[in-house]
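Novice: Structure for the following, please:
(2 chains)
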Amino acid sequence: MRATAADRVQSTNPTVISIAAWLVPGAGHLWQGRRQKGAVFLIAIPLMFAIGLWLDGRLFPFEPSQPLVALAAFASVGNGLPYFLAAALGLGKGIVTSATYDYGNTFLIVAGLLNMLVALDAYDIALGRKG
Amino acid sequence: MTSHLGLMVVFSVFVSVIFAVLMRDEPRDQLKLGARLLGSFVGVALVLAWLIYPLPL
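Specialist: Numbers count the residues shown, from 1 in each chain, chains lettered A, B, ... in the order given. Next up, the predicted model:
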């Protein structure tokens, strides 16, 4: 007897689903057949991240001596692959003198936090806590 | 588009859309919650801006 797509998803480790959801925004929902939700997250979160970069926001480094900067870095990493891609391309240096610098930071940080929330939701769905 | 008001509205649209899609399953419910969140974000921001306008910041 062949396994259906739903069976295959159910047999997948929820942790693997949540890591995929973190790396690619919306991937966890798409994987579990929630196409509408997944598509919205796949477009909205990277777009929000891109706007943050366009507004001269900064991808903060992990600085243990500065707890608030470390928290901002943690939130930015929440964006998953877009964060690593932008860092590899040398984007997100942040222009402090730019009028939109703080707005850019806000977009980058909040996009990361929202993606973490989306990944947690995908984890809950995988565990069967949500219908 | 890079005005304070414009950016605040764009930010509110993104947060409202993501929260609405996350918290509701039916498109109609998502639309309702999204509109309510967006209205609340923008409305509260305008009221706060109006309240702090006289302060010497």
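Novice: excluding its backbone neighbours, what's nearest A:Asn79?
Specialist: Nearest residue to A:Asn79 in three dimensions, chain neighbours excluded: A:Gly112, at 4.5 Å (CB to CB, 6 or more residues apart in numbering or on different chains). Using the backbone N, CA and C atoms, a C-beta is placed for each residue, glycine as well.
Novice: where does the one you found land on pLDDT?
Specialist: Note for A:Gly112: predicted pLDDT of 97.
Novice: quick one: contacts for it?
Specialist: A:Phe49, A:Ala75, A:Ser76, A:Val77, A:Gly78, A:Asn79, A:Tyr83 (CB atoms under 8 Å, 6 or more residues apart in numbering or on different chains).
Novice: Which element, helix or strand, includes it?
Specialist: helix A:101-127 (DSSP states H and E).
Novice: can you count the residues close to A:Phe49?
Specialist: 29 (other CB atoms under 10 Å in any protein chain shown).
Novice: what's the helix or strand containing it packed up against?
Specialist: Take DSSP H and E as the rule and A:Phe49 turns out to sit in helix A:35-54. For helix A:35-54, the elements it packs on are helix A:27-31, helix A:81-88, helix A:101-127, helix B:4-23, judged by 3 or more CB pairs under 8 Å, 6 or more residues apart in numbering or on different chains; DSSP states H and E.
Novice: swap the cut-off to 6 Å and go again
Specialist: Applying 3 or more CB pairs under 6 Å, 6 or more residues apart in numbering or on different chains; DSSP states H and E, one finds that helix A:35-54 contacts helix A:27-31, helix A:101-127, helix B:4-23.
Novice: by contact count, what packs against the shortest one?
Specialist: Pointing back at helix A:27-31 there. Short answer (3+ CB pairs under 6 Å, 6+ apart): helix A:27-31 packs on helix A:14-23, helix A:35-54.
Novice: That's all I had, so thanks and see you.
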